[in-house]
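A.B. asks: All I have is the shape, not the residue letters:
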């Protein structure tokens, strides 16, 4: 609840929070009461007729004080983490009765905690066994460290792993200076550095130093995913660790940390042209596979993805991704949620690429890794010309010592990514009706206030710039939504609309909606199977309110949308959604996919708008009315 409130400046009702969390409004009110008591004397949550809102300044103070008291915390979660750490440090096992006495809890409480520990172990390579009162954690040192790393990440705030939190947990104040020197060393050796993955590796460094200092088992060379004989980077890494921590790690530890750096943080070939990268770093079979998959994605989504630098750098990333997936050591991406919500089309292209890689390499690619592929795709597409997104602008500035020239230069310099100046009027007797542009910037007052006309100063001010940006953004949004409305409304049919229709889970909902679309003559069974396969790759809940199940193959007989509006949200992936829209696209609808998919998600991104639509869409006709109203805003 705190995570959600910290990202939502507006007031949120108890009912909205209850829907989001899957609890009752009464439970939400008890949560709020507990938080207020815990934060005394700080008032971290404001209450009022409109609901609840977080006081961000008070919340920051509360978090700081909570961190300072972390060592004294005795919550069930803290106890569980302490128990796991003790198990990883005690190869001979722990006595349940001794642990319960040390932690001042009952034996049954420890037994309950051990049940939670077992729930953490699937896919870790570790097993928990008990003989009499002695409990033992069995597995390799590498797997023990992975478990500690995962638990620490789950304990940390959602998002980017904080260096300060790692230093505090492992009493390693030198970690910040070590990171600075590590990045400088990697940069000097010609590597690109992924800052999003750096702190993940620093966490492993801190764990390794902590466990070696405590004289637990080192990672041995034959159990680590060892790299070849020490190279220049590994030797430099060893020297940095000795300099900052006064600890000499063994070969296995150094190899493992070097492997993490090579698969999570660095990519060779900084400032090198594509041909040099191909000759020096890229495996021909990897390049051929990525070129083929990217070509298929470009054909499927009608995108130009054939640029050589993009393909080569994606190939370097894919090789590291495959190595991570094979070792079950995925790289965390703090931007996954925002990429998925803000750029659903780009994320969808990444899902397609990931699905082909997954099938080819027999690996599993998770959401975080898909988001990294999306970052490559998005960066490439961002570089392509987007002049169609610019808002046309007319400038009115009566002539005086070429002032209009200076003003136009200033506008194009600071607003060139928003506007295209298509005409400049230097007369004071303006024919306002003859101006052919979406936006008019004028230094003289118009005859009467008109939408799309903004009065600015001859010397552009920061306030002018802000107003123009907001106006341009609104024009673009309305233009996109107008295009969407024309495209979208033809895909709905009353027979494919349902109100308060529920299913047990995502797969059951997809099957139920798919069967309706089969009866309607839009798809066949293979499309339903494809939609379920796509859902298993990555949840199609792109916002907190909306799920958009669909197949990655555009094999529908015709493009259509089956939609469900529910008063009570249903679980969908990690979200709870009120609206489920199963979209079926035909091969002829590829161009529509780009228009509809991105903008459809955008329309449903505002929680207040969606709640209004849910309340007022009592039947198909009112749903269409509300949707049109939503798109015209």
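C.D. replies: Here it is on my side, so go on. A quick note: this is a predicted structure, and the numbers were derived from the prediction, not measured.

A.B. asks: can you give me the helices in the stretch 451-600 of the chain?
C.D. replies: Listed in chain order, the helices of the stretch 451-600 of the chain (DSSP state H, counting those that start in this stretch) span 462-488, 506-519, 525-537, 590-603.

A.B. asks: and those, which one is worst for confidence?
C.D. replies: Lowest mean pLDDT of the helices of the stretch 451-600 of the chain: helix 590-603, a mean of 80.

A.B. asks: Against which helices or strands is that helix packed?
C.D. replies: In terms of contacts (3 or more CB pairs under 8 Å, 6 or more residues apart in numbering; DSSP states H and E), helix 590-603 is packed against helix 284-301, helix 344-361, helix 462-488, strand 575-584, helix 620-632. For the C-beta atoms, the positions are set from N, CA and C on the backbone; glycine is no exception.

A.B. asks: Of those, flag the one that's most buried.
C.D. replies: Among those, strand 575-584 has the highest mean neighbour count (mean count of other CB atoms under 10 Å), at a mean of 24.

A.B. asks: can you give me the offset of that one from its chain's centre?
C.D. replies: How far strand 575-584 lies from its chain's middle: 19 Å, per CA atoms, centre = their mean, to the nearest Å.

A.B. asks: if you average pLDDT over it, what comes out?
C.D. replies: Confidence over strand 575-584 (mean pLDDT, whole number) is 93.

A.B. asks: that older thread, export the helices of the stretch 451-600 of the chain to a markdown table and tack on distance to residue 233?
C.D. replies: Converted to a markdown table, the helices of the stretch 451-600 of the chain look like this (distance: least, CB to CB, whole Å):
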| stretch | distance to residue 233 |
| --- | --- |
| helix 462-488 | 44 |
| helix 506-519 | 44 |
| helix 525-537 | 34 |
| helix 590-603 | 41 |
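
A.B. asks: Which one, of the ones you listed, ends up nearest to residue 330?
C.D. replies: With CB to CB as the criterion, residue 330 lies closest to helix 525-537 of those, at 14.4 Å.

A.B. asks: Residues touching that closest one, excluding its own?
C.D. replies: 351, 354-355, 358, 365, 370, 506-507, 510-511, 514-515, 517-518, 540, 549-553, 555-556, 582, 584 (CB atoms under 8 Å, 6 or more residues apart in numbering).

A.B. asks: Just the buried ones among these, please.
C.D. replies: Buried members of these, counted by 16 or more other CB atoms under 10 Å: 351, 354-355, 358, 365, 370, 506, 510, 514, 517-518, 540, 549-553, 556, 582, 584.

A.B. asks: Could you count how many residues lie near residue 428?
C.D. replies: A count of nearby residues for residue 428, using other CB atoms under 10 Å, gives 11.

A.B. asks: could you list every residue that touches it?
C.D. replies: Residues in contact with residue 428 (CB under 8 Å, 6+ apart) are 398, 444.

A.B. asks: Can you get me the start-to-end distance on stretch 532-545?
C.D. replies: 20 Å (CA to CA, to the nearest Å).

A.B. asks: do stretch 427-434 as well
C.D. replies: Using CA to CA, the two ends of stretch 427-434 sit 13 Å apart.

A.B. asks: Show me which positions of it end up buried.
C.D. replies: Those would be residue 430, for stretch 427-434 by 16+ other CB under 10 Å.

A.B. asks: now that stretch: mean pLDDT?
C.D. replies: Here the average pLDDT along stretch 427-434 is 87.

A.B. asks: Run the chain-centre distance for that stretch.
C.D. replies: Once both centres are worked out by CA atoms, centre = their mean, stretch 427-434 turns out to sit 48 Å from its chain's centre.

A.B. asks: low-confidence ranges in the stretch 101-250 of the chain?
C.D. replies: 154-161, 171, 215-229 (pLDDT under 70).

A.B. asks: Recalculate using a threshold of 50.
C.D. replies: Along the stretch 101-250 of the chain, the model assigns pLDDT under 50 to residues 157-158, 222-227.

A.B. asks: Grab the longest strand from this structure for me.
C.D. replies: strand 560-572 (DSSP state E).

A.B. asks: Show me how this protein divides into domains.
C.D. replies: The chain breaks down by automatic domain parsing into domains covering 2-68, 72-139, 163-268, 274-375, 387-469, 492-632.

A.B. asks: Reformat the ones you listed as a markdown table; add distance to residue 479.
C.D. replies: Conversion of these to a markdown table gives the following (distance: least, CB to CB, whole Å):
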| stretch | distance to residue 479 |
| --- | --- |
| domain 2-68 | 26 |
| domain 72-139 | 47 |
| domain 163-268 | 34 |
| domain 274-375 | 17 |
| domain 387-469 | 8 |
| domain 492-632 | 10 |
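
A.B. asks: so which of these comes closest to residue 477?
C.D. replies: domain 492-632 (7.9 Å).
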